[in-house]
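> Here's my sequence, what's the structure:
(chains A and B)
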There are 2 protein chains.
Amino acid sequence: MAKIADKYFQVDPWEIIECGFNKDYSTVAESIYSLGNEYMGVRGYFEEGYGGNTLLGSYFNGIYEQEKQVGSSYKGVTDCTQFMVNSVDWLFTRISIDGEQLDINACDIRDFTRRLDMRSGLLTRSFVWQTKQKKEIKLTFERFLSMEHSMIGVQKITMEALNFDGEIELCMGEDFGTVHKMYKTAYWECLSSRATEHEIEMLGRTKNTKQLVYSSGRFQVDAESEEDVSLGEQDVTKKFILKLAKNQPKEAVRIAVNVSGKGKVAEQTDSFLETGRLEKEKSRSFSYESLLKENQAWWQRVWNHSDIVIDGDEENQQGIRFCIFQMFQTYHGAKVGDNIGAKGLTGEAYNGNAFWDTETYCLPFFLFNDIKAAKNLLLFRSMTLPEAKERAKALDCKGAFYPIATISGKECCNLWQHASLQLQASTAVAYGIWLYEKITRDREFLESDGVFMLVEICRMLATRGDWSADKSRYGYYGVMGPDEFQMMVNNNCYTNYMGQFTLNYTEEVLEKLQKENAALYQRVVEEMHFTYAEREEWKKIAKAMYIPKDEEKKLYEQHEGFFDLPHVEVDDIPTEEFPLYSHWTYDRIYRNDMIKQPDVLMLMLLFNHEFTEEELKANYEYYEPKCIHESSLSPSVHSILASQLKKHDEAYQFFGFATRMDLDNYNRNSGEGIHTTSIAAAWMNIVYGFGGMRSDAEVLEFHPSIPGRWQGYSFRIGYEDNVIVVTVKKNTVEFYTMEDKEIPVKIYGEDYVLSQAPLTITIPQEWRG
Amino acid sequence: MAKIADKYFQVDPWEIIECGFNKDYSTVAESIYSLGNEYMGVRGYFEEGYGGNTLLGSYFNGIYEQEKQVGSSYKGVTDCTQFMVNSVDWLFTRISIDGEQLDINACDIRDFTRRLDMRSGLLTRSFVWQTKQKKEIKLTFERFLSMEHSMIGVQKITMEALNFDGEIELCMGEDFGTVHKMYKTAYWECLSSRATEHEIEMLGRTKNTKQLVYSSGRFQVDAESEEDVSLGEQDVTKKFILKLAKNQPKEAVRIAVNVSGKGKVAEQTDSFLETGRLEKEKSRSFSYESLLKENQAWWQRVWNHSDIVIDGDEENQQGIRFCIFQMFQTYHGAKVGDNIGAKGLTGEAYNGNAFWDTETYCLPFFLFNDIKAAKNLLLFRSMTLPEAKERAKALDCKGAFYPIATISGKECCNLWQHASLQLQASTAVAYGIWLYEKITRDREFLESDGVFMLVEICRMLATRGDWSADKSRYGYYGVMGPDEFQMMVNNNCYTNYMGQFTLNYTEEVLEKLQKENAALYQRVVEEMHFTYAEREEWKKIAKAMYIPKDEEKKLYEQHEGFFDLPHVEVDDIPTEEFPLYSHWTYDRIYRNDMIKQPDVLMLMLLFNHEFTEEELKANYEYYEPKCIHESSLSPSVHSILASQLKKHDEAYQFFGFATRMDLDNYNRNSGEGIHTTSIAAAWMNIVYGFGGMRSDAEVLEFHPSIPGRWQGYSFRIGYEDNVIVVTVKKNTVEFYTMEDKEIPVKIYGEDYVLSQAPLTITIPQEWRG
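Numbering: from 1, shown residues only, chains lettered A, B, ... in the order given. As a prediction, the model looks like this:
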């Protein structure tokens, strides 16, 4: 694991700061300074235009385009990819003095600073521009997305002439001519556009999927003149001439209202346009100041219940706050139907698709930070159950097969070796339902949605698997487990185990339902044509499920035959051969005992209580050295388990870049967007790792430890309409709740009841890092 | 194996006859009536134009185009496919009377017959056309490709007015505007064209690969007038007006000369044009009659040494002659660099690519029918050794990795699961070298070419494989054996066995070389930077090669874990689910113990003497019921082994459609081209199957049997500059040689020496079908 930090940004507890501009980091900074409010996202690109390397990205959650693959394909292999499409540049700006247009890539600038304030979501950038005629002007660009009114984005530009009196030309508009970089295609057609006094608006439609975005801007500019000067068919632009007097700054403010729509809503463009205009009208009651104030309050609430404080490690302090900030920017359950793309709303990579990361990594984050968001994530899967059923059919299975990558519910991954072989998206949904029920004790969701999903997933599990030649064992053949370096394997331990879990849990749910809510059970039976024979078969399958294990060595075998695979000494692979996908022949990756990310160990984290400490130790020590962590999610899982095994140094090592993955561009690809879902893993790394929290047993459990380099740390978790505050110091750990409600927990194996009165416990020696 | 004949053509021992035209069979008939002479091939399309379903295909051996796949791909995965490209329509003809143009699809015709004479390669088609004005004209179209002068193709049209005196308009030209159907693209640009008195010529160049075809036509038409009337930029056409008198036939003859060129030759278009013209000049000495006569003599020689006679089964008699005829049409070793596409020169399917079929199925055919052709096939692999070395490098291996599908030597298969996992193309080359040496005792080829290929293949074998976890066994991981229904398996028995064989044989060759030709050995060492350590390592690997086997049951395991795979009862699969690739989800095919084609059994055929009868029986009875024969090559292998096991009824059943695969369109896809390489399997089915010949031991061996429905059969095999004629009757089998040279053989396990004096042996009871 030779990941090296590429340090660039300034360290600060609440801000991400860039001092001076460095072209080599232009796209990385664009990603880091991405803003999002779940509804939309906008990369930190220079709105005034930039001639250098840039990914001018503006996205709306759930608004996608699609491309069909050319040529025939095999049955069940997706030939249509859907991706979050680059959308309107609603910040479009151009600035000129004496005909010279500002472009940081080409102009003389100095005193460049950029800062993102995580207490408000305000992004500020300022610099001094010296024109060719030696005129100097200080420019400050501010922007933020409203967290309360998710259709609203705000921009402010402050211009101060430093050594002259004179005119400045400011063009502000919006542009649907943006190009989706990966497909080198502009996907938007402009259906209507209008410019009125101080206002512009456009309606754009995606070419293939016919989805709509209404975008409007309302300007407050202290200008001498205002003129409509659209530059093409895809934009609406106004030109403002401002007269500047030396040292007397002038401002230009835009309140943008962006509305996205698809499906039925998008079929009626006229009424959609009306909706957009209504939203624009509503926005008149807001000002730059009022919106910013609301944002500050919104973020204050987040930090109140979700902040993590690290004492004695400024870098990780900044890192973890950046993680939490980005997580909430990407998703906070504002709307059912939204999901979390692998890069959030910050770039095109991974097509804006959501993976099993959602249930496996992100769901726990929201379960302990924002229950509604957690529920809405699961509702996405309920809403897309029809697509999962279609997919199962395409794969010759019954029931529901959840896509490995999706934006609309349809499978978007055109690599059959992933899309057809990975069952973990489906079992992760079942796990999510289970965990949600366990943490929230909310039977309602289970009965309204969960049970229907569970039954369909079980149907898939009972048809995708098979009996061994001698019919004694059931298992899944031709699969790819979480470790994507082993393909077309049989009886992958994780897959079989998750299958067994899902079947057993569903049986439990059905049994309880039958007893406690016979009417609903009857509805399930009728609506789903569900038979007693099916239930019996599932029980039979679950019972016969094969979990490969070397009993003597306590080792679970990742899949049948794994123990006999040729050995690769991971440490002997030259650094320059990473990432392996780029340097090794495709099939070579799959021919040995090297693994990409935790597989058996993932299981041991998800069902931590099902395994003994001895088993965990044996398997950790066997699998960890074989793992190259080519997934950004991998090190955190290892860190969490290392903590549990009291391998504190190792735990800290694996934690290493978790919180600063993107700030320090560890994978050298943060320019494509930030690793949103690995942010969730970074959070887990602290709460489940150092905090030693476990949520898969009857009550919450904690085994806090503290890395040697830290003076202390604290985290907050929402639980049962309460917030538990955990503060770990060198020798003690303190617990208290914010609300007056008792919570039974286990700490270091002992029972306690938490309340508003602080409980202080001495950290046992073995848990001190 | 539910394959059903779709009988259409008339049965005749020497001709393929179509009586009456049926539109539903238009493309099948085009394939069946394909002509070829190794240099070029032309489908049996209607040269006068046809408005119905047609694949107007004209091909040149080795002339290809290429298409790059869009999008990125993984390392070692081919993103450029090369394919035999549809080329000039050098038979282009249009016929009109009173402005009405002949099109069999639209016009009134009667008395349609078409016949292909396998004694000359002459294709004749005739019918009576009744025009809208009720004029009746009998038209006879003849064509053939010269076997002696491979650049020459001949066309003759005979026109006889039946009920009128009057004019007929005949356009004859050539057209480079042909479209490659699969890519819906016209790949030719016309560099020059010229029409002179009675002559036309064109020079065409492929757009991407810049390969050339010169095409010329010399006409003898008894016409009133001749006029140049080219129809577009891609064609040169002449219009002839003929005056017909009732019942006085007139003829139009074209001698076409087509020259193809690529590589260096194609870079100089001017000098290439000169070469073409020179060839055209040379052709002046030939007439329709002289060329046809030569063809008759050429085919007479073929039938003299290669004919198979079946007494009492007219359909198979016609079928096997059609096979032999098509085999020689496709390839007879005229030129080093030519190879045998899966569809020969008869269609676009499989891209005109050559597979391991060449060495595995076709080579034995040529070894016993045309030694020079056999050698030239191997020389193709020697010539393309550089490309195989490049390919090995792309796959992170040393040495040479022969492509699974190729036309130029480069890998053309863009499915990594085949191109990267199938080692059998490489080991088939080694097997071919071994078999060639064994049959010919030609050490010269081995020393000039063979040893260099062998060393490079061994290098690949020693780097593609791996040691098991405990280092005790060597094997190949992540492979696909001959059975393409098992993917990414470890220690495939066939692959490991072939690897071991190749390493051992190479060691044998090197040892002998070192002893007997030290100078050459030294050259090998120096030229190839070959080390003693390498040889030692190969010995070590060969010794440790793992051949999975259940010793007790005498069963070789197709690959590690095969015996535990879920069982599919092949007979329970509904007929409508075939072919499985179209009806089953892609990955589902790979998740059970069903096999597509022989794998372990293939090995038992290739190295027949290495396995006991008991082993063969056990493995045949285990694997045969699991095989669905979705490869056209599969049934013949099973038939041959069934014969050996004295399962005579089963042998005949599997033989069933071998000889008439295309004539009776068993796979319902003969319209795309004929199954050229399965023709070789049909030949083997008789010679190795019923004839019981084995060629992998010291002397040739025979165990002739006779299917119960046959009165007798005979075959001829070329061997040691001699021809052995084997005639099997109900109770006896007779052997004699055509040349005065003795040949020691084994018959039913006894030693004999064959000579010109016929040897008659009574067939033991157990060998009577």
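> and the stretch 501-650 of chain A, which residues reach chain B?
Within the stretch 501-650 of chain A, the positions adjacent to chain B are A:560-561, A:563-567, A:581-588, A:590-593 by Cβ under 8 Å from any Cβ of the partner chain. C-beta: built from backbone N, CA, C; applies to glycine.
> For chain B, what's the nearest residue on the stretch 601-750 of chain A?
At 11.1 Å from chain B, A:K626 is the closest residue in the stretch 601-750 of chain A, using Cβ to the nearest Cβ.
> residues in contact with that residue?
The contact partners of A:K626, taken as Cβ atoms under 8 Å, 6 or more residues apart in numbering or on different chains, are A:568, A:570, A:593-595.
> Any chance of a markdown table for these, columns pLDDT and neighbour count?
Shown next, in a markdown table, are the contacts of A:K626 (pLDDT from 0 to 100; neighbours: other Cβ atoms under 10 Å in any protein chain shown):
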| residue | pLDDT | neighbour count |
| --- | --- | --- |
| A:V568 | 96 | 19 |
| A:V570 | 93 | 17 |
| A:D593 | 97 | 20 |
| A:M594 | 97 | 23 |
| A:I595 | 96 | 29 |
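> Flag every buried residue along the biggest helix by length in chain A.
The longest helix of chain A (DSSP state H) is helix A:493-516. Neighbour-count burial for helix A:493-516, counted by 16 or more other Cβ atoms under 10 Å in any protein chain shown, picks out A:493-507, A:509-510, A:513.
> Heading C-terminal from it, find the next helix or strand.
helix A:518-527 (DSSP states H and E).
> ok, the residue with the largest distance to the centre of chain A to chain B distance?
Most distant from the centre of chain A: A:D165, at 47.6 Å, with distances by Cα atoms, centre = their mean. Separation of A:D165 from chain B (Cβ to the nearest Cβ, to the nearest Å): 54 Å.
> How about the contacts made by that residue?
A:243-246.
> quick check, nearest of these to B:Y532?
Using Cβ to Cβ, A:L244 comes nearest to B:Y532 of the contacts of A:D165, at 83.4 Å.
> Other residues contacting the helix or strand containing that closest one?
Here A:L244 sits within strand A:235-244, counting by DSSP H and E. Here strand A:235-244 makes contact (Cβ under 8 Å, 6+ apart) with A:92, A:94, A:137, A:159-161, A:164-177, A:193-195, A:200-202, A:219, A:221-231, A:250, A:252.
> elements contacting the very next helix or strand once past that strand?
Next helix or strand after strand A:235-244 toward the C-terminus (DSSP H and E): strand A:250-261. Packing partners of strand A:250-261 (3 or more Cβ pairs under 8 Å, 6 or more residues apart in numbering or on different chains; DSSP states H and E): strand A:152-161, strand A:166-175, strand A:212-221, strand A:235-244, helix A:269-282, helix A:288-306.
> If we use 7 Å, what do you get?
Counting contacts by 3 or more Cβ pairs under 7 Å, 6 or more residues apart in numbering or on different chains; DSSP states H and E, strand A:250-261 packs against strand A:152-161, strand A:166-175, strand A:212-221, strand A:235-244, helix A:269-282.
> Just say which of these is most tucked in.
Mean neighbour count (mean count of other Cβ atoms under 10 Å in any protein chain shown) peaks for strand A:212-221 among the helices and strands packed on strand A:250-261, with a mean of 23.
> tell me the angle of that strand relative to helix A:269-282?
Orientation check (axes from the mean of the first three to the mean of the last three Cα atoms, to 10 degrees): strand A:212-221 against helix A:269-282 gives 30 degrees.
> per-residue confidence averaged over strand A:212-221?
The average pLDDT for strand A:212-221 rounds to 98.
> Same question for stretch A:238-255.
Stretch A:238-255 comes out at a mean pLDDT of 98.
> related to what we said a few turns ago, mind checking which of the residues of the stretch 501-650 of chain A next to chain B are buried?
Buried members of these, counted by 16+ other Cβ under 10 Å: A:560-561, A:563-566, A:584-588, A:590-593.
> low-confidence ranges in chain A?
Low-confidence segments of chain A, defined by pLDDT under 70, span residues A:1-2, A:70-72.
> What residues does it have near chain B?
With Cβ under 7 Å from any Cβ of the partner chain as the criterion, chain A meets chain B at residues A:70, A:74-77, A:394-396, A:416, A:420-421, A:466-469, A:477-478, A:487-488, A:490, A:560-561, A:563-567, A:581-588, A:590-593.
> since we're on A:G749, how many residues are nearby?
By other Cβ atoms under 10 Å in any protein chain shown, 9 other residues sit near A:G749.
> Do me a favour and get the backbone dihedrals for it.
A:G749 adopts backbone torsions of phi 90, psi -10, taken as degrees, to the nearest 10.
> what's the answer for the one 10 residues further on, then?
When quoted as degrees, to the nearest 10, the phi and psi of A:L759 stand at phi -110, psi 120.
> hmm, back to that, now the helices and strands packed on strand A:250-261 as JSON lines including distance to A:Q130?
Shown next, in JSON lines, are the helices and strands packed on strand A:250-261 (distance: least, Cβ to Cβ, whole Å):
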{"stretch": "strand A:152-161", "distance to A:Q130": "12"}
{"stretch": "strand A:166-175", "distance to A:Q130": "14"}
{"stretch": "strand A:212-221", "distance to A:Q130": "24"}
{"stretch": "strand A:235-244", "distance to A:Q130": "15"}
{"stretch": "helix A:269-282", "distance to A:Q130": "38"}
